[in-house]
Structures are given as structure tokens and as C-alpha cells.
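# coordinates only, sequence not included:
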């Protein structure tokens, strides 16, 4: 059964931060091909993702920046029944996003659309939210960012712990 206690996960991630950094280097040098590593990660992640109810958590919505594309803005405006100009004015921080070479990002953290642990615009949510957490393709290239979220997301925590075990690290 996967671990979902956010306090425990945050404490373990903090306590083991040096180990996670070492594991990142291990993954970078792992002899498996990128395709083989991605397949291993996917085989580990699939049952963990199926076993964890993200609506019982919402920690990513409280903790992470949400980057947007123009398509995300159009979809959100539709879902909120407002114009894209109104959406930009109320919810999008373009200057901060452009400083990070992104089109846009939600201005508020926690996300303005988070109600309890649920997304109030779930059907219209941005693509970055739909994809989170993304392990593949290119797990080896994404490993640094993924490991940065190990203390925030029960799915990431459990996948990384299982991957450490599976790779005999």
C-alpha cells in the first residue's frame, strides 16, 4: 500500500535529501537505455498512480507554480464563463512567466481554483495539471525536477522509493 501521509513524506524527503541527490546521479549513469529506464519507471508508476487518490491530497495545487499555454487560457476562460482578457487580468501573471521563458502562469499559490482538495475547474484545468506528475518520456532528463517534488507528492515519493528498490540502488 502506498504511503500518503504528507507530513511523513515531507519529513522523509527532507531527511533523505542527500540520498535523493545521489540517486539522481546514479540514474544519470545507469546502464539502461532511456527507453528501458522509461519502461521500468512506467511499470512502477502505473499501479501507484492507480492506488492514490489525488483528490485526497491537492498538495501540488498548494505548492507548485502552474504554467499556462494560450490553449489553457482559452479552455479556462470557457470553463469560467469569462473572456480571455478577464481571465488574464484576474488570474495570469505574464511578466513572471516570461521571466522564466513561459507564456503564462497562474498568479496565485495556492491555486485560486483549489477548493479544499478539489479543483473547481477540473474539466478545464491546464495541461500541466493534467500531466502532473509526469515521469516519462525521458525520465533520466526529468529526474532532477521529479526528485524536487518527492517531498510534495505521494505519487512521486512512492514511485521513487520503488524505483530505488527495483534498481538495487
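Arrived safely. From a predicted model like this one, the values you see are computed outputs, not experimental measurements.

# Can you give the domain ranges for the protein?
Domain ranges of the chain: 6-60+133-166, 65-130, per automatic domain parsing.

# Kindly reformat the ones you listed as CSV containing mean pLDDT and mean neighbour count.
Backbone N, C-alpha and C define where each C-beta goes, glycine included. Shown next, in CSV, are these (pLDDT from 0 to 100; neighbours: other CB atoms under 10 Å):
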stretch, mean pLDDT, mean neighbour count
domain 6-60+133-166, 96, 16
domain 65-130, 96, 16
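
# Which strands or helices does the lengthiest helix in the chain pack on?
Secondary structure of the chain read by DSSP state H shows that its longest helix is helix 34-51. Counting contacts by 3 or more CB pairs under 8 Å, 6 or more residues apart in numbering; DSSP states H and E, helix 34-51 packs against helix 139-148, helix 154-166.

# Among these, which comes closest to residue 62?
Nearest to residue 62 among the helices and strands packed on helix 34-51 is helix 154-166 (13.4 Å), distances taken as CB to CB.

# Need the contact partners of that closest one.
Here helix 154-166 makes contact (CB atoms under 8 Å, 6 or more residues apart in numbering) with 2-4, 6, 9, 12-13, 20, 23, 40-41, 44-45, 48-49, 52, 54, 57, 59, 133, 135, 146-147, 149-151.

# between that helix and helix 139-148, how big is the angle?
For helix 154-166 against helix 139-148, the angle by axes from the mean of the first three to the mean of the last three CA atoms, to 10 degrees is 120 degrees.

# gap between helix 154-166 and the chain center?
Put simply, helix 154-166 sits 14 Å off its chain's centre (CA atoms, centre = their mean, to the nearest Å).

# Next one: residue 18 from residue 167, what distance?
In this view, residue 18 and residue 167 are 18 Å apart by CB to CB, to the nearest Å.

# Residue 10 now?
24 Å.

# where exactly do the strands run in this structure?
67-68, 104-105, 114-115, 118-119 (DSSP state E).

# Can you add distance to residue 142 and give the ones you listed back as a markdown table?
Formatted as a markdown table, those follow (distance: least, CB to CB, whole Å):
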| stretch | distance to residue 142 |
| --- | --- |
| strand 67-68 | 15 |
| strand 104-105 | 19 |
| strand 114-115 | 24 |
| strand 118-119 | 23 |
